[in-house]
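A.B. asks: predicted model and sequence below, questions to follow.
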Amino acid sequence: MLAMISSAWVITQAQAQIDSFTFFIPYPSEQLDDLFDAGFGGAPSLANADIETTISIAIHKSNTFIYYDEWEDDLETNLNAPIQTSTKIWGDRDASNGIPPGFGTTDAEDVLTEGDVIVLTNSIPAIRDPLMPFYFDGGDMLTSAGGAVAVTMAVWPLNLNPPPIVGILYAGAWELYPTNRWGREYRLPIGEDLAAQRPGFTVVGLNVQAVIDNTVVELDLDNDGTFENTVTLDRGQQFNQVSAATPINVGARVLASEPVQVHILSANPASQFEARAYTIVPFNDWTNDLLAPRSSDGDFWLYNPDSSTPLDVIVQSSVAPATTITIPPNSTLKYPPVGLITTATGLRFTATDDRPFYGIAALDDADAQDWGYSLLPIERLATQTLIGWGPGNNNSPPGPDPGPPPSTGNESQVYVTAVTTTTIMADFNNDKVVDATFPVSPLQEVPITDPNDFDMTGAFLASDNGVTFLAVWGQDETANPALPSIDVGTSIVPLPALVIDKNDAPLHDDVDCSGSITIGDIIQYSITYNNNTLDPVANVVIEDGLPAEVAYIPDSTVIISGPSFGPVADSGTTLFPLDEGGINIGALPLLESGALIYRVRITDPTNEIINTAEASSLDLPLAADTSIVRTPLITQTNPLYKITTNLTNPIDGLVTSGDIITFSVALTNTSGLTTTISEIALQDTYDPAQLTFLRATPAPDITASGVITWSDLTNIFGDLPFGATVNLAVTFQVNPVITPTTTIHEVVGIQPQRGDGTSLPTCRDNASLQIRPPAPSLTLRTTPLRRIYASCTGSLASGDEMRFTIEYENETSLQISEVTLLNDLPPALTYVPNSTRLNNAPVPDGGGATSFPLDAGGLLVGNVLPNQSGAITFDVKVNNVANQITNQVAARTIGEPDPIGLDTIVVYSPSLGDSPPPVVVNMPLLEPTNGKTDSGAPAIFGLSFTNSDAPTITALSLEDTFDPNHLIFQSANPSPDNQNSGRLSWNNLTAAFGDLSQNESAELTVNFRTNPALRDINNTLNQAIFNATRSDGTLLQNCVAQASVSFSQGGDDDDDDGGCPNCTPTSTPTPPPSRTTVTPGPPGTTPGAGTPPATSTLPVALLPETGELEAGSTTVKIVFLIALLGPAVLWWVNQSRRDKN
């Protein structure tokens, strides 16, 4: 946005504009008066005669702006950014800064369109008074923006005394070239030493004009090899010589340190009205091949600059065979040698070798139709041209005149010729519609006139086949020798197909706020390129080599308009995309234009920065068009005003997301004791992706994303006298960031005005802010699950297996990169190989001593996005429960020295005491009820188990082991799946009585008969081992229940069989399996009142599958277990004695 704000500078520096769009008007009126007076041989004298001056500007494209600056109040330092109210800006739809004469008075009429012509005509006094109004005359400067223009100047004197001399018959006209076609060296093809051959060269007046300050011009006007005069010219200044002691001879040399333009006017005092004007082509543009489109009633004067060798030149025409002429060294030769050419033809002059030469044409050797033009090198021609001034006669408007003598309206015409066959398309009013076509055979002289208005001014001519041609405008040989004929003519400047313009306004960053370009400042260059043809131009290349005194600002090149636009990527060794061959922007459509910008910082001291840009295409006949910007530097100066911004909270400039920060802004008038700042807008810019604006004091007038604006601080604080300071405060909140970021808060003063109406530069200051992301944080939650109850106990026991689940979650708004989880297991836990899974995907074991992936360097889980979570699971086996078991998990990330997450849990502590068992198992001896039996008698055992924990038991296997020498299995309900000697097994009892939810029980009975052959046995043991699988996947292993039966020794009792070992025992039927729901009582109670507790409980230890109690035990022992994480109520199961049948 700021790049588009143009500002004027208070401290000025003259800038050279060398491009296709800038023109200087030669010949101040007083010098023209001297010139006309010296060449006029009649009476009365023309001394101090007013000079009628016409400056004609033809517009090629619509929406062109013309900046016109008159010399009377000095020239603008930068005409593209004028600061003087007298400077005219035409075509910008703002009549307050000027409107072209004759266009009207309103803003709507201040518009320039294709085909428009601005004709500036005024009579200028030879003697100027400082109080006189400004005139359009020699010394002025103009530049166009948006399109090419053609400029012609015509002058003639006005007689002071009656009867008036008709000055238009004693006149001169010059085609003007833009500054990029000026040169540093010129040689004159004619001189006063030719007067004997052509009296029209008796007086030769010279004009030299500079474009750059301090241009040193050396002059050898008599061509004796010695520069007899040296002058220094500033921009727009001119050197003139006429009728001086030192004559101007053939070969006169002008050598300048910087580009200049050179014009001459020759006259014959004896003829009174004979004068011819010529624009001289720079010596460096001379070639060995010249073209002339009009020859009838004229002759040619060809100059060989070689100081020692004659030059052979072949002359070709459309009407006669070629001939060869020889031009002596350092001499000018007339062609034809005698008389004038009497036939209409174009001529081509070609040197037989590559040496350059030059020439001019002189039409009519008398005073009737006297005019002339400069020949042009064929290499410098183009396929189109725009005519700056070409009226058919002096009538207003041009046209037929009944006389006497009558006139046709075509007294002056345009003449064209070409080397090869072509057709010239004529667009008379340049509205991009062809009005007529004119076939041209090789070297044919073809006149062209506008049959409608008899005025070729502003007409556009182009060849239809890409052939270059040359055109001139001047008086026809048959024209009326008196009014309304005009005795002038000019070459018509070829219009390049591709032209380029470059400037360095505005000053993008005035670091010292001095208003001048100094070291450290940033200049924004803009380059505009235009297609002037009716055809596309392909492969347009823009090239720009930066001088050593500047440094390119990376990523600042942007194409801002045209067929393609957008940022241009940096490239090459310098990063600057326009050097090292430039960039090919592709095709430029007919009459289309484009523009790009880039920025550089001034890094080294120098007097002047010279920067050159070129536009070219291999498809065009002309070489590259060039634009040169010369920017002078000055020594450091004091600031005109000062903006200071600082971060006041926090002072260190280090902040993180969510912080509230405040910047102070101070603006001080430092421009001088007598100056007051009467208007200043202030703009505060910030990055809305990183900061959110909260408030400011005073409140801004405009608030937008990334920009807050105070339209005029003087409305709040009043005018600022010298030394006054105003203070502001701006508060923001820091937005969340992912990576460390530096953001810039910048404050800019926009187009401030001083009390005297002058403008101050755009100045700025900034403060940087280091935004750090909040410290990364990962939430960890570790959950241990007792997966295998190795001894079916309530408390954790050795041999148990546990499954750890480590959940991690990024609860921040920022990504955490390369997260690693670490877990060094305590000695009491041993990793179960190949059990680690990351987000349900298997993780290979590590290569360390433990093979555990999370120990040592840990497990890399990768980047964790905002609000993303995951989980790691792994299994461990418990080795020892003698001491407390604690496990800690840590998370780390790159760049952080400390863990970003920790979770520590106590897995087991002896101080917690024993926990209730998850399953209550009971194995009562149902018969005999007193626990004593005889050999051969029945022994009936009951088996019951109750699920006292929350997870449902979904599978239950049972193994009943006994001594087959003591007990003989009879039956069981349900029947065992497997029966072996001393072993009964049920694969899954839930198939018989279903899953067991919490507090549900299941019972079964097993009938034995004691071995009749038993002798000397005290008791025998029956042991049941349960293994259960729960719905949560945990395993209850080795849930053991035991019961013993004692044998009577040596006597009967009331309950025995009388000691009848051979008696058949009374059959006791096996009851069916049953399923009940046990209602737990309060802690410390049993489900049945008065039920005696079991006399012992198995120790919490891993028992073998067939583990047995100590011999001699005579009581039923029941094991109570409870899950590690699920508390349960422990109670005793009442054993009901069952009567024998």
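C.D. replies: Happy to help now that I have it. Bear in mind the structure is a predicted one, so any value in this text is a computation, not a measurement.
A.B. asks: distance of residue 150 from residue 523?
C.D. replies: 31 Å (C-beta to C-beta, to the nearest Å). (C-beta placed from N, C-alpha, C; glycine too.)
A.B. asks: if you count what's nearby, which of those two comes out ahead?
C.D. replies: residue 150 (27 against 23; other C-beta atoms under 10 Å).
A.B. asks: just checking, what packs against the helix or strand harbouring the more buried one?
C.D. replies: Element membership for residue 150 (DSSP states H and E) is strand 149-158. In terms of contacts (3 or more C-beta pairs under 8 Å, 6 or more residues apart in numbering; DSSP states H and E), strand 149-158 is packed against helix 29-39, strand 50-59, strand 172-176, strand 384-386.
A.B. asks: partners of the third one in the sheet?
C.D. replies: Spelled out, that is strand 172-176. Next to strand 172-176 in the sheet, as set by DSSP bridges, lie strand 149-158 (antiparallel).
A.B. asks: pLDDT of the partner strand, averaged?
C.D. replies: Per-residue pLDDT over strand 149-158 has a mean of 95.
A.B. asks: please state the offset of that strand from the chain centre?
C.D. replies: Here strand 149-158 is found 48 Å from its chain centre; the criterion is C-alpha atoms, centre = their mean, to the nearest Å.
A.B. asks: use 12 as the first number for this chain going forward.
C.D. replies: Yes, from this point I'll number from 12; that puts the last item at strand 160-169.
A.B. asks: what residues sit buried inside that strand?
C.D. replies: Under the neighbour-count criterion of 16 or more other C-beta atoms under 10 Å, strand 160-169 has 160-169 buried.
A.B. asks: now do stretch 462-482
C.D. replies: For stretch 462-482, burial by neighbour count (16+ other C-beta under 10 Å) applies to 464-474, 478-482.
A.B. asks: can you give me the end-to-end distance of that stretch?
C.D. replies: Taking C-alpha to C-alpha, to the nearest Å, stretch 462-482 runs 18 Å from one end to the other.
A.B. asks: so how far is that stretch from its chain's centroid?
C.D. replies: Its chain's C-alpha centre and that of stretch 462-482 lie 44 Å apart, by C-alpha atoms, centre = their mean.
A.B. asks: domains in this structure, as residue ranges please.
C.D. replies: 22-187, 193-390, 509-643, 652-781, 790-923, 930-1129 (automatic domain parsing).
A.B. asks: now the fifth one: mean pLDDT?
C.D. replies: Mean per-residue pLDDT for domain 790-923: 91.
A.B. asks: over to the third one?
C.D. replies: Regarding domain 509-643, the rounded mean pLDDT is 86.
A.B. asks: most tightly surrounded among the helices and strands packed on strand 160-169?
C.D. replies: Here the criterion is mean neighbour count by mean count of other C-beta atoms under 10 Å, and of the helices and strands packed on strand 160-169 the winner is strand 183-187, at a mean of 26.
A.B. asks: now the element after that one, going C-ward?
C.D. replies: Once the chain leaves strand 183-187, the next helix or strand it forms, by DSSP H and E, is strand 194-198.
A.B. asks: centre of the chain to that following strand, how far?
C.D. replies: 45 Å.
A.B. asks: what does it contact?
C.D. replies: 262-271, 273, 291-296, 314, 316, 369 (C-beta atoms under 8 Å, 6 or more residues apart in numbering).
A.B. asks: each with direction, which strands does the very next helix or strand once past it pair with?
C.D. replies: Per DSSP H and E, the first helix or strand lying C-terminal to strand 194-198 is strand 214-221. Paired strands of strand 214-221, with direction, are strand 249-252 (antiparallel), strand 264-279 (antiparallel) (DSSP bridges).
A.B. asks: please report how far residue 734 lies from residue 687.
C.D. replies: Using C-beta to C-beta, residue 734 is found at 11 Å from residue 687.
A.B. asks: check residue 575 too.
C.D. replies: Here the criterion is C-beta to C-beta. By it, residue 575 lies 48 Å from residue 687.
A.B. asks: looking at the two, which is more packed in?
C.D. replies: Using other C-beta under 10 Å as the criterion, residue 575 and residue 687 rank with residue 687 on top: 18 against 12.
A.B. asks: can you pull out the low-pLDDT segments for the chain?
C.D. replies: Within the chain, the ranges that satisfy pLDDT under 70 run 12-27, 53-55, 170-177, 377-378, 516-518, 632-634, 643-648, 684, 749, 1060-1152.
A.B. asks: nearest residue to the residue most central in space within it other than its sequence neighbours?
C.D. replies: For the chain, the residue nearest the mean C-alpha position is residue 578 (5.7 Å; C-alpha atoms, centre = their mean). Nearest residue to residue 578 in three dimensions, chain neighbours excluded: residue 569, at 5.2 Å (C-beta to C-beta, 6 or more residues apart in numbering).
A.B. asks: check residue 616 too.
C.D. replies: Closest residue in space to residue 616, ignoring its immediate chain neighbours: residue 530 at 6.0 Å, by C-beta to C-beta, 6+ apart.
A.B. asks: report how many residues lie close to the one you found.
C.D. replies: 16.
A.B. asks: wait, isn't it in contact with residue 613?
C.D. replies: Yes: between residue 530 and residue 613 there is a contact under C-beta atoms under 8 Å: 5.2 Å.
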